[in-house]
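Q: Predicted model and sequence follow; I will ask about them next.
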Amino acid sequence: MAVIISFTDQSLSDIEEIAIYISYDSKNYAALQVTKFFSRVEILQQFPYSGRIVPEVNIKSIKELIEGIIV
């Protein structure tokens with residue numbers, strides 16, 4: 001089964017803004033975090049049933065993986 005991974009415009013914008021924010025302290029850590037976000041997508045390509053259904057849309061084929069610590 002081929003898995004198609006796509007990002008919403010909003011998610012790409014969020015990643016860019018996160019990178020900009022982190023880059024104020026460290027351009028290196030900003031780049032590492034962006035790499036980490038995109039690397040996590042490989043999990044969905046290998047295991048398409050992992051992740052959780054995005055609650056805002058509640059469609060089984062739309063999944064999300066949470067990255068980082070939630071406090």
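A: Ah, there it is.
Q: C-alpha from now on. contacts and neighbour counts both.
A: Fine.
Q: Would you map the helices across this structure?
A: 9-23, 27-46 (DSSP state H).
Q: what's the average pLDDT for the longest one?
A: Along helix 27-46, the predicted local confidence has a mean pLDDT of 89.
Q: how far does stretch 21-32 sit from the chain's center?
A: Remark: stretch 21-32 is offset 17 Å from the chain centroid, using C-alpha atoms, centre = their mean, to the nearest Å.
Q: re earlier: and the helices of the chain as a markdown table, adding mean neighbour count?
A: Below are the helices of the chain laid out as a markdown table (neighbours: other C-alpha atoms under 10 Å):
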| stretch | mean neighbour count |
| --- | --- |
| helix 9-23 | 13 |
| helix 27-46 | 14 |
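Q: Can you redo the ones you listed as JSON lines, where the extra columns are distance to K63?
A: Output for those, formatted as JSON lines (distance: least, C-alpha to C-alpha, whole Å):
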{"stretch": "helix 9-23", "distance to K63": "13"}
{"stretch": "helix 27-46", "distance to K63": "8"}
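Q: wait, which of those helices is closest to E64?
A: Closest to E64 of those is helix 27-46 (C-alpha to C-alpha; 8.7 Å).
Q: what angle do that closest one and helix 9-23 make?
A: Using axes from the mean of the first three to the mean of the last three C-alpha atoms, to 10 degrees, the direction of helix 27-46 lies 150 degrees away from that of helix 9-23.
Q: Figure out which of the helices of the chain is closest to A2.
A: Taking the helices of the chain one by one with C-alpha to C-alpha, helix 27-46 is closest: 8.4 Å.
Q: Could you check how far the closest one is from the centre of its chain?
A: On C-alpha atoms, centre = their mean, the centre of helix 27-46 falls 7 Å from the chain's centre.
Q: And for that helix, what's in contact with it?
A: 3-5, 15, 18-23, 50-51, 65, 67 (C-alpha atoms under 8 Å, 6 or more residues apart in numbering).
Q: So I59 is in contact with I53, correct?
A: Yes. I59 lies in contact with I53 (C-alpha atoms under 8 Å); the separation is 6.6 Å.
Q: higher neighbour count, those two?
A: I53 (16 against 10; other C-alpha atoms under 10 Å).
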